[in-house]
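Asks: Build the 3D model from these lines:
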Amino acid sequence: MRIDAYNQIQKLYGTGKAKKADDMKQAATSFHDQLLLSAAGRDVQIAKQAIANAPDIRESLVAPLKERIDNGTYEVDTEDFAAKLLDKYNGLF
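Replies: Model prediction:
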């Protein structure tokens, strides 16, 4: 390998000397980052926040069912349950 060819390549790519720190600071501060969110993006962000703040269990629906189970007055229609179970099973395939 010829040394002259290596020197020419080094000149082309500028790999010879490192830049000074002052030069790097000026180059780094010459632009500004900017973030723009679309209306849809903001809506998604608001929806995610609302979901995160919502309770996991809706007590207004669960409390009456718990009370009926505890009292022994909660009854399940077995035919209706079986029909719904088969519908779900058949919907899988």
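Asks: wait, residue 68 sits on residue 74?
Replies: Yes - contact criterion Cβ atoms under 8 Å: residue 68 and residue 74 qualify, at 3.9 Å. Using the backbone N, CA and C atoms, a C-beta is placed for each residue, glycine as well.
Asks: what about the helices in this protein?
Replies: 3-13, 21-28, 39-53, 59-71, 78-91 (DSSP state H).
Asks: will you turn those helices into CSV that also has mean neighbour count and mean pLDDT?
Replies: Formatted as CSV, those follow (neighbours: other Cβ atoms under 10 Å; pLDDT from 0 to 100):
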stretch, mean neighbour count, mean pLDDT
helix 3-13, 9, 68
helix 21-28, 9, 58
helix 39-53, 9, 90
helix 59-71, 10, 94
helix 78-91, 9, 94
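Asks: Centre-most residue in the protein?
Replies: Compute the mean C-alpha point of the chain, and by Cα atoms, centre = their mean the closest residue is residue 48, 9.7 Å away.
Asks: From residue 57, how far off is that residue?
Replies: Going from residue 48 to residue 57 by Cβ to Cβ, to the nearest Å gives 20 Å.
Asks: cool, and residue 33?
Replies: As judged by Cβ to Cβ, residue 33 and residue 57 stand 42 Å apart.
Asks: Looking at these two, which is more packed in?
Replies: residue 57 (8 against 4; other Cβ atoms under 10 Å).
Asks: Alright, that wraps it up for me.
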